Structure formats: structure tokens, C-alpha cells
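S.K.: Return a 3D structure for these sequence lines:
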Amino acid sequence: MADLEFNKNDDSLRLLISEMKRKHALIALGGGKKKIEKQHAKGKFTARERIEYLKDTDANFLEIGAFVGEGMYAEYGGCPSGGVVAGITYVTGKQCIVVANDATVKAGAWFPITAKKNLRLQEIAMENRLPIIYLVDSAGVFLPMQDEIFPDKEHFGRMFRNNARMSSMGITQIAAVMGACVAGGAYLPIMSDEALIVDKTGSIFLAGSYLVKAAIGESIDNETLGGATTHCEISGVTDYKAKDDKDALDKIRNIMDKMGDSEKAGFNRKEAKKPKEDEKEIYGILPRDRAKPYNIKDIISRLVDDSDFEEYKEGYGQSIVCGYARVDGWAVGIVANQREMIKTKKGEMQFGGVIYSDSADKAARFIANCNQKKIPLVFLQDVTGFMVGSRSEHGGIIKDGAKMVNAMANSVVPKFTIIIGNSYGAGNYAMCGKAYDPRLIVAWPTAQLAVMGGAQAAKVLLQIEKAGLKSRGEEIDKKAEAKLLKTITDRYDAQTSPYYAASRLWTDAIIDPLETRKVISMGIEAANNAPIKEAYNPGVIQS
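M.R.: So this is what the prediction gives:
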């Protein structure tokens, strides 16, 4: 499969992946090389080094929220990865979540996006009943933005509520205090099941020595106030004293090694097989021009085991492709947008990437079938929305769309969303966007998320701008109009970027398409730790 167009597509996507890796390499430096050297001078690992040492050798690390904070908080010098490195990995063979404060970024202080990221990791732990390990090294709330992180429902305090909820659910939480742990943040390790502290570098207190002096006039140094000896031998706040970072991480591994297994959900898995088709051909199949059509089945055959895909209702509702397959051995139900132009049996043409009434009806039925059979769902998004116009409205597109959204939203089997290309408007919702609780939602570098496409949105926004000018008695000539349109288009396009979405945690990660199988497999393995306790009930759906 090699022609000029294929090669151009291949080059374009490889450049996007190269740019993604370049951005990640910069983010991985956290607060920069000097801050890393300062961390090492204290005898401490960086957050990424701690995770690398803790996880099993050669184990996968599915990083969550690597691009969180990208382009945000410029007035404060930025906040790479939200000041937290986190993800799903394996410790002594057990799948778990690790959350590590990055002390090279503003001393590990909590920005608003830091709280959002931590809450997302706790959410993943609770949904999938995964053990969670906190590697604490944080100066606490970033005070200049305290009003955006402290008091609301989804702010800093929610994390401690989640600590308590996870404890009641029997989800193991282990915390190692490897640096500062102050004020409200001090509750996190102590609300965990077991807490470790590193001698001389770790400290826990509600108020540091300066604040204690100011508040009650007591003069005391931080080590005596809240160091490892104090908390392991006097207060009893912590359970283990470690001599250094390595010792603390070794102790965590020892604790994890003794853990028993959990009840499983029982999702079907057989021996994994590689796709028969070459996975790397995805790079050439996916058009660099997002308006051009392609056959989604060509993508699916390069993602699923043995390239074996059992399509459901193949000749009906063809703008959505549904079917059964395996990914890394796991049985899955796939719901994918078809981007090719489709000719129906009635001789009518349907636009690719648009959801029609028959497609929505088919998808709703298929989702119900997967719930009945206890098969996890994978959504491959490349959607511009639902079909509009009098014909669709008279045909009940809203009702059929509601059927699909109802079926998807009430699904009790785990859902995983991969945004391949466009993710616009209600199409994002129907295809399991972030608002509909996918266990994981990731984007390829080709993804675009917005309420509508850039060209349409820019024209609408231009008309609004022109109307505003006209109401003030101002006119705009063609040259000025073209300049204004470009300004609006550039601003809108920046907001549809996959990095804009990832920075705000609308997606969990941006991935190389070749990592898709790994993401789905690790996601289902995680979900398999959480047995399904409720029956599928799609709610009220009119026939």
C-alpha cells in the first residue's frame, strides 16, 4: 500500500508524532535542568526517576496528563504536567496508579490544574479499583491562585474526601513522604492505608516553623517539628522510616508484593495476536487533510488481533461501523465513525463522519448487545456531528440520536474512547466524549475537539463581529474583513488543537497511533479489577 498520497499522509503524521515527542521531552524536564540538579544535590530523585525505579523493569507506564498545563499559567512561569507525574503501571506484577509530585515545578505546589489532574487519577483508581501510590513532595497550595483551588467541590479538599471513600471501598493507598508535605496536604499520606517518610528530606506538618513562630511564638526547626524521627517515634503519624528515596521505594515494593488478588469482572481474554495488516500503515491511510474521506475499516484492521473484525449490520446505517474484535486478546465491541462517502441501497449519498438516523439506531442496538454480553466498548471518534436539514429533522434524527446517547451513557461495561480526527458538537457526546465517563480517553496527534469545525465556526464568529461593529456605526472593508477572519480562524484553530484539550485534561493523553492497542489493553486490564454490580438499563428510549 504505497502511492504518492499515502506517502504524503505518512510523512505528515510522522511529523506530528515527532513534534509530540519533542514537546514531551521538554515537559519531562519539569522545572528545568538546574532544578533537577538541585534535587539531586539533596540526595533526592526527580518524580520521573522515582516512578522509573518503583515500577517493574521494562513494565509499561501509561502516563496520564503528560500535557496538562501546556500553555497555561505563563504569568507564573508555566506548570509542566501540572507539577505532577502520574499514570498506570505495574509494581511487583500488580497493576496500579502512581502519582508523584514534581518538586522541580514551583516546589511541587498545587495549581488549579494540579488538583484536577490528581482528582482524575483518583477517579481512575476508584472506577477500576486499582491500588494507588502517592509519592509526596509538595509545598502545598499555590497561594497566588488559592481562590481557584481551595473551596469548591472539585478543588483541593475533594482529594481527601476521595482518600476516605477509597478506604471504605477497600482500595489500597500507600503514601511515601519524600520531601515537603505541609498544611492541608499533610492529610493525604495520613488518610492513606500506610505511610512512609524519608529521613532528613521528608517532613509533615500543618504549619512550618516560620508560621508556628508567627502564630504561637514557639521557636522550633522543621526537622524537630515534623521530620521522620518525630513522626515515626513520637507522634506515630507515619508507619515506616526510610533512609533515602531508594529505601522508601523498596519498602513500597515490599508492601505491594504481599498484596492479595482482587475479584475480577471476568471480561473475555484469549491469547493475543498481532494484526495481520501492518500497523504502521495507519500513518499513510489517515489523510493529512481532515476533510478527505478514508475507510475506517482499514484503520480497524490494523488495530485488532489477527485483523479479524466481525461487523454488525454491515449494510445498514453505514456512517457508523460496529463490530466485535479482540485487542491484545481482550474481546471488545467497536463503534467507529465511517469517513467514506456512502451510497445507500436507495441510491442516496451520505456524508462520511456524519451520524444519520439509521446509524444512531444501529449503534444503540449494538451498545445494548455488548452490555448483555459483558463486552467492553471501544469508540473510535472521527465525527463532525449529526445530520441536519429538514429531511433529517422530519425523520426524527433527534429521537434516534437520543437513543444512541441513552444507550451509551447508561452502559455498565467499561468504555474507552480514541479520538482519531474530528470530534465536533453532539458527535463528541454520542461517541462517548469526556462527559460520558470513558475509563480512558486519548487522542491521536491528528485530533480536533470543538463545538463545530473551524471553517464554519470562524464564519459564524465573523458575522457576529461584523454585526457588533455595524451596531456601533462602524463599517469593515474586504481587506479588514479578511484580516479579521484570519485572526478569528487562528484563535479558534488553536482551541481545537489536541494539546489545548490535553492541557485542560479533556483527554487523558495524546498518543502515537501505534500505542492504541496498549492503551486499550491496559485499560481493560484495569477495568477487569472492578466487577460489574449493576444491570444495564438504557432508560426511557422511544421506539
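S.K.: drop to CA atoms for contacts and neighbour counts, all remaining ones
M.R.: Will do.
S.K.: Tell me where the stretch 351-500 of the chain has strands.
M.R.: Taking DSSP state E, counting those that start in this stretch to define them, one finds strands in the stretch 351-500 of the chain at 354-355, 377-383, 385-386, 415-424, 440-443, 448-450.
S.K.: Neighbouring strands - and their directions - for the helix or strand hosting residue 204?
M.R.: Element membership of residue 204 [criterion: DSSP states H and E] is strand 203-205. Sheet partners assigned to strand 203-205 using DSSP bridges are listed as strand 173-182 (parallel).
S.K.: what about the partner strand, average pLDDT?
M.R.: The average pLDDT within strand 173-182 is 94.
S.K.: chain center to it: distance?
M.R.: 24 Å (C-alpha atoms, centre = their mean, to the nearest Å).
S.K.: The residue located most distally from the centre of the chain and residue 243, how far apart?
M.R.: Relative to the average C-alpha location in the chain, and by C-alpha atoms, centre = their mean, no residue lies farther out than residue 473, which sits at 47.0 Å. Using C-alpha to C-alpha, to the nearest Å, residue 473 is found at 73 Å from residue 243.
S.K.: show me the contacts for residue 229.
M.R.: Residue 229 sits next to 199, 241 when contact means C-alpha atoms under 8 Å, 6 or more residues apart in numbering.
S.K.: That one looks like it's in a strand, true?
M.R.: No - if the criterion is DSSP: H, G, I helix; E, B strand; the rest coil, then residue 229 is helix and not within a strand.
S.K.: Could you count how many residues lie near residue 223?
M.R.: 19 (other C-alpha atoms under 10 Å).
S.K.: Just put the strands of the stretch 351-500 of the chain in TSV and tack on mean pLDDT and distance to residue 94.
M.R.: Listed next are those as TSV, based on pLDDT from 0 to 100; distance: least, C-alpha to C-alpha, whole Å:
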stretch	mean pLDDT	distance to residue 94
strand 354-355	90	41
strand 377-383	97	24
strand 385-386	78	40
strand 415-424	96	21
strand 440-443	98	19
strand 448-450	90	34
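S.K.: any idea how far the closest residue to residue 435 other than its chain neighbours lies from residue 407?
M.R.: Nearest in space to residue 435, with sequence neighbours left out and distances taken as C-alpha to C-alpha, 6 or more residues apart in numbering, is residue 429 at 7.2 Å. Residue 429 sits 12 Å away from residue 407, going by C-alpha to C-alpha.
S.K.: again with residue 218
M.R.: Residue 218 is 62 Å from residue 407, by C-alpha to C-alpha.
S.K.: So these two - more neighbours on which side?
M.R.: residue 407 (25 against 12).
S.K.: how near is the more buried one to residue 334?
M.R.: Residue 407 sits 14 Å away from residue 334, going by C-alpha to C-alpha.
S.K.: Check residue 23 too.
M.R.: Taking C-alpha to C-alpha, one finds residue 23 at 31 Å from residue 334.
S.K.: Looking at those two, which is more packed in?
M.R.: residue 334 (31 against 15).
S.K.: Is the closest residue to the more buried one other than its chain neighbours bridged to anything, and to what?
M.R.: Nearest non-adjacent residue to residue 334, counting by C-alpha to C-alpha, 6+ apart: residue 378, 4.8 Å away. Listed by DSSP bridges, the beta-bridge partners for residue 378 are residue 334, residue 416.
S.K.: Number of residues surrounding residue 378?
M.R.: Residue 378: 25 neighbours (other C-alpha under 10 Å).
S.K.: Ok, residue 82 next?
M.R.: Neighbours of residue 82 using other C-alpha under 10 Å come to 32.
S.K.: wait, doesn't it sit right on residue 117?
M.R.: Yes - using C-alpha atoms under 8 Å, residue 82 is in contact with residue 117, at 7.3 Å.
S.K.: returning to what we had before: enumerate every residue touching the residue nearest to residue 435.
M.R.: 405, 435-436.
S.K.: List the backbone torsions phi and psi for residue 134.
M.R.: phi -100, psi 130 (degrees, to the nearest 10).
S.K.: On the pLDDT front, check it for me.
M.R.: Taking residue 134 on its own, its pLDDT is 97.
S.K.: mind listing the helices for the stretch 301-450 of the chain?
M.R.: 357-373, 390-394, 397-409, 425-430 (DSSP state H, counting those that start in this stretch).
S.K.: Could you tell me the least trusted of the ones you listed?
M.R.: helix 390-394 (a mean of 57).
S.K.: Kindly list the longest helix within the protein.
M.R.: helix 4-27 (DSSP state H).
S.K.: Export only the CA atoms of stretch 318-336, formatted as PDB.
M.R.: What follows is stretch 318-336, C-alpha atoms only, in PDB (Å, rounded to 0.1, in the frame of the first residue of the first chain):
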ATOM      1  CA  GLN A 318     -23.100   2.600   7.300                       C
ATOM      2  CA  SER A 319     -21.900   6.000   8.600                       C
ATOM      3  CA  ILE A 320     -21.200   4.200  11.900                       C
ATOM      4  CA  VAL A 321     -19.300   0.900  11.800                       C
ATOM      5  CA  CYS A 322     -19.900  -1.500  14.600                       C
ATOM      6  CA  GLY A 323     -18.500  -5.000  15.300                       C
ATOM      7  CA  TYR A 324     -16.700  -7.400  17.500                       C
ATOM      8  CA  ALA A 325     -12.900  -8.000  17.700                       C
ATOM      9  CA  ARG A 326     -10.100  -8.600  20.000                       C
ATOM     10  CA  VAL A 327      -7.300  -6.200  21.100                       C
ATOM     11  CA  ASP A 328      -4.300  -7.900  22.800                       C
ATOM     12  CA  GLY A 329      -6.500 -10.900  23.400                       C
ATOM     13  CA  TRP A 330      -9.400  -8.900  25.100                       C
ATOM     14  CA  ALA A 331     -12.800  -9.100  23.500                       C
ATOM     15  CA  VAL A 332     -14.100  -5.700  22.500                       C
ATOM     16  CA  GLY A 333     -17.100  -4.100  20.800                       C
ATOM     17  CA  ILE A 334     -16.000  -1.300  18.400                       C
ATOM     18  CA  VAL A 335     -18.200   1.700  17.500                       C
ATOM     19  CA  ALA A 336     -16.400   3.800  14.800                       C
END
